[in-house]
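> Structural data only, the sequence is not supplied:
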């Protein structure tokens, strides 16, 4: 039994899912993989199930009845991880924009280097993004600048989706209170962990845009992030952040 879990949410990732499973399973770190699939019509879930016999007890899948959003997929995965005793839970994309070879560094930061949350950061050492159009790089970079300005967090890549959490962080955060479903979910999770006083560490990665499949970004998701950050900061003023035992 491993104490490490990687969670990958999927919707129509048939071009990538087999390769990402193989890449994670071949890593030198002993970890399990959970795919949370939102009833992908392209057969993503079926492809995962076909490979489960190759990785008995290491490869898992949760199939949901329809597309419900990135945030709820991760919340579902987090709750499953806590129920099943994992100590280090990492989230990543299925499309290889996050390099699986960086997973050991994220796990190691939480297991051995006193991080409570470790972030694979695109912006902690410059701008490390490959194959994005300049317009999207600018939007992403200044989104994090905007988040830092509103929240006063020092995190340079607040929208990053390549993150490892210690179990105690996910146990402390009331996952049912996490409001956002799109990419603002990533900001809300980091902000909440930071407000509880957990040690959040950024590690430099190189982010490469997907080569297969299509992006799930939309105007609605961007709007949620812009207005959501203001709501999140405002509501935090009236909330007490106390860990159990404090």
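Everything's here; your move. These numbers come from a predicted model, not from an experiment.
> which regions of this protein sit below the pLDDT cut-off?
Scanning the chain with the threshold set as pLDDT under 70 gives 210-225, 244-246.
> Please enumerate the strands of it.
With DSSP state E, the ranges of strands along the chain come out as 4-10, 32-37, 59-63, 88-91, 117-121, 129-130, 163-166, 200-204, 207-208.
> mind checking which of these is nearest residue 182?
With Cβ to Cβ, the closest approach to residue 182 among the strands of the chain belongs to strand 4-10: 11.8 Å. C-beta: built from backbone N, CA, C; applies to glycine.
> okay, the angle between that closest one and strand 59-63?
Orientation check (axes from the mean of the first three to the mean of the last three Cα atoms, to 10 degrees): strand 4-10 against strand 59-63 gives 40 degrees.
> Output the strands of the chain in CSV; the columns should cover distance to residue 178 and mean neighbour count.
Below are these laid out as CSV (distance: least, Cβ to Cβ, whole Å; neighbours: other Cβ atoms under 10 Å):
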stretch, distance to residue 178, mean neighbour count
strand 4-10, 14, 26
strand 32-37, 15, 25
strand 59-63, 18, 18
strand 88-91, 13, 26
strand 117-121, 14, 25
strand 129-130, 26, 14
strand 163-166, 13, 25
strand 200-204, 16, 19
strand 207-208, 24, 20
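> Dump the ones you listed to JSON lines, plus distance to residue 43.
JSON lines is the format used below for these (distance: least, Cβ to Cβ, whole Å):
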{"stretch": "strand 4-10", "distance to residue 43": "11"}
{"stretch": "strand 32-37", "distance to residue 43": "10"}
{"stretch": "strand 59-63", "distance to residue 43": "12"}
{"stretch": "strand 88-91", "distance to residue 43": "23"}
{"stretch": "strand 117-121", "distance to residue 43": "29"}
{"stretch": "strand 129-130", "distance to residue 43": "29"}
{"stretch": "strand 163-166", "distance to residue 43": "28"}
{"stretch": "strand 200-204", "distance to residue 43": "34"}
{"stretch": "strand 207-208", "distance to residue 43": "25"}
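> And those strands: which comes nearest residue 232?
Nearest to residue 232, of all those, is strand 200-204, at 15.8 Å by Cβ to Cβ.
> quick one on the thing from earlier: of the strands of the chain, which is nearest residue 172?
strand 163-166 (9.6 Å).
> Name the surrounding residues that touch the closest one.
For strand 163-166, the surrounding residues in contact (Cβ atoms under 8 Å, 6 or more residues apart in numbering) are 78, 87-91, 106-107, 109-110, 115-120, 186, 189-190, 193, 198.
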